[in-house]
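# the sequence and its predicted three-dimensional model are supplied below.
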Amino acid sequence: MTEIEKFYSVKELAELLKLHTATLKGWIYKGAIPATKFGRAWRVSETDVKALLKNGFPIEAGNTRKVGRPKGGSLISPSPIAAAQKAAQQVAEAHRARKEAEEAEKVDIIAAAQSVFEEGGDEDAQS
């Protein structure tokens with residue numbers, strides 16, 4: 001049986017990457033993010049999302065936007081791409097930490113089971 005690939009809506013992907021939907025739609029319209037149109041809605045496949053997170057976004061990293069102008073100069077915020085890459089790193093780190101915790105828990109369970117087994121074996125030998 002073949003698995004059906006998961007597709008993210010623009011809204012779901014924006015929430016996942018902590019970006020505005022208009023930013024993602026702009027990238028989709030420019031062709032920077034591969035997407036498929038289902039009816040009137042754009043969808044991005046999970047495979048393409050993973051590739052984006054792994055390889056980075058195919059838009060110049062120098063894109064910035066002005067967020068305000070303090071006295072005596074201008075203030076430029078980091079690009080939305082940098083924010084998305086940071087969010088992706090945080091998600092990957094959380095996933096890695098969760099996997100490590102699961103592995104540590106498995107080791108603890110195995111050690112506890114071995115301890116119980118060894119204690120049970122000693123009682124049989126003594127009787």
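Right, received. Where do you want to start? Numbering: from 1, shown residues only.
# my guess is residue 6 contacts residue 44. True?
No. With contacts counted by C-beta atoms under 8 Å, residue 6 stays clear of residue 44, the gap being 9.9 Å. For glycine as for every other residue, the C-beta is placed from the backbone atoms N, C-alpha and C.
# who has more neighbours out of the two?
Neighbour count, other C-beta atoms under 10 Å: between residue 6 and residue 44, residue 44 has more, with 23 against 12.
# confirm that that one sits in a strand.
Yes. Under DSSP: H, G, I helix; E, B strand; the rest coil, residue 44 sits within a strand.
# quick check: bridge partners of it?
Here residue 44 sits in beta bridges with residue 8, going by DSSP bridges.
# other SSEs contacting the longest helix seen in the chain?
Longest helix of the chain, by residue count under DSSP state H: helix 80-126. Packing contacts for helix 80-126, counted by 3 or more C-beta pairs under 8 Å, 6 or more residues apart in numbering; DSSP states H and E, involve helix 10-17, helix 46-55.
# one more pass at 7 Å, please.
helix 10-17 (3 or more C-beta pairs under 7 Å, 6 or more residues apart in numbering; DSSP states H and E).
# about what we covered before: how much does the longest helix of the chain deviate in direction from helix 46-55?
100 degrees (axes from the mean of the first three to the mean of the last three C-alpha atoms, to 10 degrees).
# now helix 80-126: average pLDDT?
In this model, helix 80-126 has an average pLDDT of 77.
# please apply the same query to stretch 9-24.
91.
# can you list the buried residues in that stretch?
Buried residues in stretch 9-24, counting neighbours by 16 or more other C-beta atoms under 10 Å, are found at 10, 13, 14, 16, 17, 19, 23, 24.
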